[in-house]
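**Q** Build me a model:
(one chain, ligands or ions: 2)
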Amino acid sequence: MTPLSEISSLPRSLFTDSPEETEAVAASLARLFEADGPLPPFVALYGDLGVGKTAFVRGFASVYAPGRLVRSPTFALVNEYRTAGKRPLFHFDMYRITSDDDLYSMGYDDYLDRGICLCEWCENIPYALPEKRVQVVIEKCPEAADRRKITLCVKEDPIC
Ligand code: ADP
Ligand code: MG
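**A** Ligands and ions are numbered 1, 2, ... in the order given. Predicted coordinates:
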């Protein structure tokens, strides 16, 4: 039987009941990147504090940089995870970004073509997202404390 967390194409919407299940969904998305190539190399993560964005990145990184410790780069703004033979992962957290100056002084633009970027708090940088990107929205569900709804799609619309 195909596990519930398995993603074979986008768009897709599913529910998880633990951080491990959210990680499994993200690992499945990462395998889709490996298998398919044409997915845009920017994953825009949306959702409130504590919803599971970093857990999602941890699951994705388990495929691209196995064994690497994944923590939210809230202070560093970006973490890099590299493994020989795989595309590098760049993990951003835009929680503290308040102006384009902050963004460009960290060299944000330079990262975009160099690997796969996963970005927490994309709510804060709508003007700086690539036109084509994978969008991941994570939401808490009222019926259970650990339940999350995860909605994944490819966005191609111009940013306004
Ligand atoms: P964010 O990066 O969005 O602020 P984190 O990934 O750092 O969130 O933290 C998510 C928190 O929610 C963790 O404490 C985790 O154990 C908890 N959690 C409970 N259920 C889930 C779930 N279904 N998916 C992801 N995290 C969950
Ligand atoms: Mg986080």
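
**Q** Count the neighbours of the residue in the chain that ligand 1 sits nearest to for me.
**A** At 2.8 Å from ligand 1, residue 52 is the closest residue in the chain, using C-beta to the nearest ligand atom. Quick note: C-beta positions are derived from backbone N, CA and C, even for glycine. Number of residues near residue 52 (other C-beta atoms under 10 Å) recorded here: 26.

**Q** so how far is residue 21 from it?
**A** Using C-beta to C-beta, to the nearest Å, residue 52 is found at 10 Å from residue 21.

**Q** follow-up on the earlier one: was I right about the residue of the chain closest to ligand 1 contacting residue 138?
**A** Yes. When contacts are counted by C-beta atoms under 8 Å, residue 52 is listed as touching residue 138 (5.1 Å).

**Q** residue boundaries of the strands in the chain?
**A** Under the criterion DSSP state E, strands of the chain are mapped to 12-16, 42-46, 78-81, 89-93, 116-120, 133-141, 144-155.

**Q** Including mean pLDDT, could those go into CSV?
**A** Rendered in CSV, the data for the strands of the chain read as follows (pLDDT from 0 to 100):
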stretch, mean pLDDT
strand 12-16, 96
strand 42-46, 98
strand 78-81, 92
strand 89-93, 95
strand 116-120, 96
strand 133-141, 98
strand 144-155, 97
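
**Q** lowest confidence element among the helices and strands of this structure?
**A** Among the secondary structure pieces of the chain, namely its helices and strands, helix 100-105 has the lowest mean (mean pLDDT, DSSP states H and E), a mean of 85.

**Q** Would you mark the buried spots in that helix?
**A** Residues of helix 100-105 classed as buried: residue 103 (neighbour count, 16 or more other C-beta atoms under 10 Å).
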